[in-house]
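[1] Below are the sequence and a predicted model for it; my questions follow.
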Amino acid sequence: MALKSLRLSAVGMLALCWCATPAAADDAVATRFEVFGFAGVHVLTMRSRTDESSGNYSISLEYSTKGLAKLFVDLTTLADVNGRTVDGVAQPAWYQSDSVRNGVARHNRIDYRPDGIVNAAASPAPPDPIAPDRARGTIDNLTAYFRLEHQLASTGSCKLTEHVFDGRHAYDLVFSDEGRQALTPGGGQTFSGPAIGCRMTRRNWPGVVDPEGDEGAQGGTIWYARLVPGDLLVPVRTRMDTQLGVVEGYLAELHGRGVNLDLLH
């Protein structure tokens, strides 16, 4: 989950022959994240659902700005990705997002071919679209975070760089280690326990003209913890630099794999 995630969206479509099979309810992990800005002002609510079954995965993310934040950026977004795990690495099959930003609707869709070619469509069209050759081998941002969460579960290391293209914006997500930390309750969240800190840096591609390149989070720290059984770590807190200033996010609810948590009061 990243807070580039301050700008995603989607509804599903099938691509090629990769069809994700819905997971049983117990295999799904659903979360709610609340994000706060200066003086504790509520700025964003994010809800996600991750399903894994028989080598397939699907992720959905929905978020919207709240309260005073809507005066600066009135945004509602829904994003989805479906794919499969190949040789232990998540590979997207399709990604789609739909959002309304300050009254303007946007739609992005990408189909990923096994040979690395991506077929992208965006409406309205971006002023300086990414050339297909340059987008080759990229992934969506939901899959980028999903790869990180699995890597953390198996190695404990954040070191990872992913080339991301969402149909409109192109950038690298660069993750690095900030070490292990024992979190204590704070910000109204009751969670306490060991966590792994990952530094995230968004690095825009050189030579790409993107008038919206400052949207979303440009960098920050995400703390992950092992809250559910299996090979997946979950973000429990974030601190991000965004166009709204520094914002802090807290995992409020988690349900799945036999675990039910209500952490924010």
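    Structure's in. What do you need?
[2] these two touch, right, residue 151 and residue 145?
    No - look at residue 151 against residue 145 with Cβ atoms under 8 Å: they stay out of range, at 10.5 Å. (Glycine included, C-beta is placed from N, CA and C.)
[3] Now do the shared contacts for those two.
    Residues touching both residue 151 and residue 145 by Cβ atoms under 8 Å, 6 or more residues apart in numbering: none at all.
[4] which one of the two has more residues nearby?
    Here residue 151 and residue 145 are compared on neighbour count by other Cβ atoms under 10 Å; more neighbours surround residue 145, at 27 against 20.
[5] Doesn't that one belong to a helix?
    Yes - counting by DSSP: H, G, I helix; E, B strand; the rest coil, residue 145 is part of a helix.
[6] Which pLDDT does the model give it?
    Looking at residue 145, its pLDDT is 97.
[7] same question, residue 216
    On the pLDDT scale, residue 216 is placed at 66.
[8] what sits opposite residue 119 in the beta ladder?
    residue 111 (DSSP bridges).
[9] Okay, it and residue 110: tell me how far apart.
    Remark: distance between residue 119 and residue 110 (Cβ to Cβ, to the nearest Å) = 7 Å.
[10] my read: residue 157 touches residue 151, true?
    Yes - the pair residue 157 / residue 151 is scored as a contact, 6.6 Å apart, by Cβ under 8 Å.
[11] Can I get stretch 135-144 in CSV, CA atoms only?
    Only the C-alpha atoms of stretch 135-144 are listed here, as CSV (Å, rounded to 0.1, in the frame of the first residue of the first chain):
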residue,chain,number,x,y,z
ALA,A,135,6.7,1.2,-20.5
ARG,A,136,7.8,-2.4,-21.4
GLY,A,137,8.4,-4.5,-18.2
THR,A,138,6.7,-2.1,-15.9
ILE,A,139,4.1,-3.0,-13.2
ASP,A,140,1.3,-1.2,-11.4
ASN,A,141,1.8,0.3,-8.0
LEU,A,142,-0.5,-2.1,-6.2
THR,A,143,1.6,-5.0,-7.4
ALA,A,144,4.8,-3.1,-6.4
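[12] ok, and what's touching that stretch?
    Under Cβ under 8 Å, 6+ apart, the answer for stretch 135-144 is 2, 4-5, 8, 59, 61, 79, 81, 83, 90-92, 95, 110, 112, 116-118, 120, 147, 162-166, 170, 173.
[13] now do stretch 184-198
    For stretch 184-198, the external contacting residues (Cβ under 8 Å, 6+ apart) are 36, 40, 148, 152, 156, 158, 175-183, 221-225, 233, 236-237, 248, 250-252, 263-265.
[14] Repeat that for stretch 241-252.
    Stretch 241-252 has contacts (Cβ under 8 Å, 6+ apart) with 3, 6, 31-38, 43-44, 46, 69, 72-73, 187-189, 191, 214-220, 234-240, 261-264.
[15] Can you point out the buried residues in it?
    Within stretch 241-252, the residues that count as buried by 16 or more other Cβ atoms under 10 Å are 241, 242, 244, 247, 248, 249, 250, 251, 252.
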